[in-house]
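> Turn this into a structure:
(chains A and B)
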Amino acid sequence: MVGPVLRVVDVSKSYSDLHVLKGVSFEVWEQEVKVIFGPSGAGKSTLLRCINLLDPPEKGEVYLCGQNLMAPETNLNAMRARIGIVFQHFNLFAHLKAIDNVSIGLRRVKGLSKEEAHVKALEALDRVRMAKWANHYPAQLSGGQQQRVGIARALAMDPDVILFDEPTSALDPELIGEVLQVMLDIAKTGTTMVVVTHEMGFARAVASEMLFLDEGVIVERGTPQHFFVSPTSERVKNFLKQINILYGSHEELLKRSNEGGSK
Amino acid sequence: MTLLLTAIGLLGGFVLGISLAIMRVYGEKELIWIASGYEKVLRGIPILVLIFIFVFGIPGIFWFIDPISRPFFGVFLALGLRSGAYQSQIFRGAILSVNPGQMEAARALGMSRLQAFRHIILPQALRLAVPSWSNEYAVVIKDSSFAYSVGVIEITKAAYRVSANFPVLWAPVMGIAAILYFIFTYPMTRMFGERQTKKLKKLGMGGG
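The predicted structure follows:
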């Protein structure tokens, strides 16, 4: 393909007085995995919602394969069908079984027959290792299983890019692994992905580029190598330190609590 | 006759109620204004007055129907229009209690607003509405007894006639009528109300 799959140009968004995004630009090329991270309130989720225009940006442009999503003549529904999204809280359709959650988009949006959609949906469920659970309702599944169905729902549509909005942050710790594993698998098969996450292990493994977003702007960008070895800005260093305490080495935490205790 | 009146009254109210609820949830200002105005007016008029209006007040509306069955249609219209006002509230509540994430996920898949409503929101809202809806059934079946006042033969009217001919039987006949109403009401509300609440729980919907 010529040109990037996704091009975000100077996107701004505010809710009343609050400027959530202040001119964010980046490109995602085919088979790239872009990881966006940053403190809460930085505008990460808003950015994803701006990309598929669930929340249209006030300023700036979003292009999917060269087509301007903001242009009035664009058929937004058709374009959204080409942008998958995986939600933090899964948002599976509560009244539908796993298999129907995955196939309903194929049937109603892509116009596949019931049988074709069923076959494709089952394939997608198989890719996230949920084929066995096809006939269960969302409420009968664990959070990790629900999220995997959510990923299958996005995958089945064969989108140009899949957006992940903190896919593991609503999960119990022991369920995060299975979801990350599925995400790693699909990243390795060349799926173009934009992932908002704090899972630095995942980022380190597959990110082609990482963007650090804070207060509505991209503060720093670079490869995982860059961020984990030599981040330049103070904010990024601080943030990564926090993340480290949360997910990784306990030394930092111990040091702190010792300092606190001696005071 | 009671059951027929109830059934078509509920059905009419159902169609009207859903339309009004959609107007109130998704409509522009004017539509919301019309729908909520309609609800306020219809909920403020006693059913007997409504029946009188449609049977005696404006007899011309059913010019195309045989005069003998006109009262029946008048009652049907009164029951349906009023039930619509109540059902609108039921469905509005149900639509609003579907998690907003559901609409989002549907739109994100590329569904139009209409598709998302038809395939995702409405099926869930209808399930959520069943318990309150079974109450509405209980209300309408009992309201249908007012039809006797305009000469439609339903349970109450029939009981009244029998007891007029055999005054000694007044108490037992009315007792039987009451039991009939109960038989038609209680098992239905119980079945729909409780079973559906359980089912909803299984789907993790409704927070009940």
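
> Within range of chain B, give me the residues from chain A.
Within chain A, the positions near chain B by CB under 8 Å from any CB of the partner chain are A:52, A:54, A:77-85, A:87, A:89, A:91-95, A:104-105, A:108-109, A:137-140, A:153, A:157. From N, CA and C alone the C-beta is placed, and that goes for glycine too.

> Could you tell me which of the residues you listed belong to strands?
A:83-85 (DSSP state E).

> Please list all residues in contact with residue A:187.
Residue A:187 is in contact with A:33, A:193, A:206, counting by CB atoms under 8 Å, 6 or more residues apart in numbering or on different chains.

> which of these count as buried?
A:33, A:193, A:206 (16 or more other CB atoms under 10 Å in any protein chain shown).

> Verify the stated contact: residue A:20 with residue A:40.
No: counting by CB atoms under 8 Å, residue A:20 stays clear of residue A:40, with 11.9 Å between them.

> neighbour-wise, which of those two wins?
residue A:20 (22 against 10; other CB atoms under 10 Å in any protein chain shown).

> which SS state does that one fall under?
strand (DSSP: H, G, I helix; E, B strand; the rest coil).

> so which of the buried ones among the contacts of residue A:187 comes closest to chain B?
The shortest gap between chain B and any of the buried ones among the contacts of residue A:187 belongs to residue A:193, at 15.3 Å (CB to the nearest CB).

> distance of that closest one from residue A:5?
For residue A:193, the distance to residue A:5 (CB to CB, to the nearest Å) stands at 10 Å.

> okay, and the common contacts of those two?
Joint contacts of residue A:193 and residue A:5 (CB under 8 Å, 6+ apart) are A:32, A:161.

> Distance from the chain centre to stretch A:6-15, please.
In terms of CA atoms, centre = their mean, to the nearest Å, the centre of stretch A:6-15 is set 16 Å apart from its chain centre.

> What are the buried residues along that stretch?
Using 16+ other CB under 10 Å as the test for burial, stretch A:6-15 gives A:6-9, A:11-14.

> now stretch B:191-207
Using 16+ other CB under 10 Å as the burial criterion, the residues of stretch B:191-207 that qualify are B:192-193, B:196, B:200, B:203, B:205-206.

> near chain A, from those?
Contacts with chain A are made by B:203, B:205 out of the buried residues of stretch B:191-207, judged by CB under 8 Å from any CB.

> Could you tell me which of the buried residues of stretch B:191-207 are located in helices?
B:192-193, B:196, B:200, B:203 (DSSP state H).

> which residues of chain A fall in strands?
Using DSSP E, strands in chain A cover A:6-15, A:18-28, A:33-37, A:59-64, A:67-68, A:83-86, A:161-165, A:193-196, A:209-214, A:217-222.

> Output those strands as TSV; include the columns mean pLDDT.
Below are the strands of chain A laid out as TSV (pLDDT from 0 to 100):
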stretch	mean pLDDT
strand A:6-15	93
strand A:18-28	93
strand A:33-37	96
strand A:59-64	94
strand A:67-68	92
strand A:83-86	96
strand A:161-165	96
strand A:193-196	96
strand A:209-214	94
strand A:217-222	94
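
> Counting neighbours, what do you get for residue B:180?
Count around residue B:180 with other CB under 10 Å applied: 15.

> how close does it sit to chain A?
36 Å (CB to the nearest CB, to the nearest Å).

> Kindly report the same for residue B:173.
46 Å.

> So that residue is in contact with residue B:159, correct?
Yes: applying CB under 8 Å, one finds residue B:173 in contact with residue B:159, separated by 4.9 Å.

> Which one's more surrounded, those two?
Shown here are residue B:173 and residue B:159; by other CB under 10 Å, residue B:159 has more neighbours (22 against 19).

> now the helices for the chain?
You didn't pick a chain, so chain A it is. Using DSSP H, helices in chain A cover A:44-51, A:76-80, A:98-108, A:114-127, A:143-156, A:173-188, A:200-206, A:224-229, A:234-247, A:251-262.

> looking at chain B here, not the other one
B:2-26, B:29-43, B:47-52, B:70-97, B:100-108, B:113-116, B:122-143, B:155-165, B:170-203.

> show me where pLDDT drops low in chain B?
Low-confidence segments of chain B, defined by pLDDT under 70: B:59, B:206-208.

> near chain A, which residues of it show up?
Near chain A, when you scan chain B using CB under 8 Å from any CB, you find B:99, B:101-102, B:104-112, B:115, B:119-120, B:123-124, B:127, B:202-205.

> what about burial for those, which qualify?
Buried among those (16+ other CB under 10 Å): B:101-102, B:104-112, B:115, B:119-120, B:123-124, B:127, B:203, B:205.

> Distance check, the most far-flung residue of chain B relative to its centre against chain A.
If you look at how far each residue of chain B sits from its centre, by CA atoms, centre = their mean, the farthest one is residue B:168, at 36.2 Å. For residue B:168, the distance to chain A equals 56 Å [CB to the nearest CB].

> Enumerate every residue touching residue A:154.
Residue A:154 neighbours (CB under 8 Å, 6+ apart): A:84-86, A:162.

> is the closest residue to it other than its chain neighbours in a bridge, and if so with what?
Closest residue in space to residue A:154, ignoring its immediate chain neighbours: residue A:84 at 3.1 Å, by CB to CB, 6 or more residues apart in numbering or on different chains. Judged by DSSP bridges, the bridge partners of residue A:84 are residue A:162.

> what's the burial count for the residue found closest to residue B:14 once you drop the neighbours it is linked to in the chain?
For residue B:14, ignoring the flanking residues on the chain, the nearest one in space by CB to CB, 6+ apart is residue B:87 at 6.0 Å. Neighbourhood size, residue B:87 [other CB under 10 Å]: 28.

> and residue B:87, what does it touch?
By CB under 8 Å, 6+ apart, the neighbours of residue B:87 are B:13-14, B:16-18, B:20-21, B:133, B:136.

> now what about stretch A:215-230, what contacts it?
With contact meaning CB under 8 Å, 6+ apart, stretch A:215-230 is reached by A:12, A:19-26, A:35, A:38, A:42-43, A:200, A:203-204, A:207-213, A:231-233, A:235-236, A:240.

> Select only the buried ones of these in ChimeraX?
Command for ChimeraX that selects the buried part of those, burial taken from 16+ other CB under 10 Å:
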select /A:12,19,20,21,22,24,26,35,38,42,43,200,203,207,208,209,210,211,212,213,231,235,236,240
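
> For chain B, what's its nearest residue on the stretch 151-263 of chain A.
residue A:157 (6.8 Å).

> In contact with that residue, which residues?
Counting by CB under 8 Å, 6+ apart, residue A:157 has contacts A:81-82, A:84, A:105-106, A:109-110, B:109-110.

> Distance of it relative to residue A:188?
Applying CB to CB to residue A:157 and residue A:188 gives a distance of 20 Å.

> got a list of what the closest residue to residue A:50 other than its chain neighbours touches?
Excluding the flanking residues, the one nearest residue A:50 by CB to CB, 6+ apart is residue A:57, at 4.4 Å. By CB under 8 Å, 6+ apart, residue A:57 lies in contact with A:11-13, A:21, A:50, A:70.
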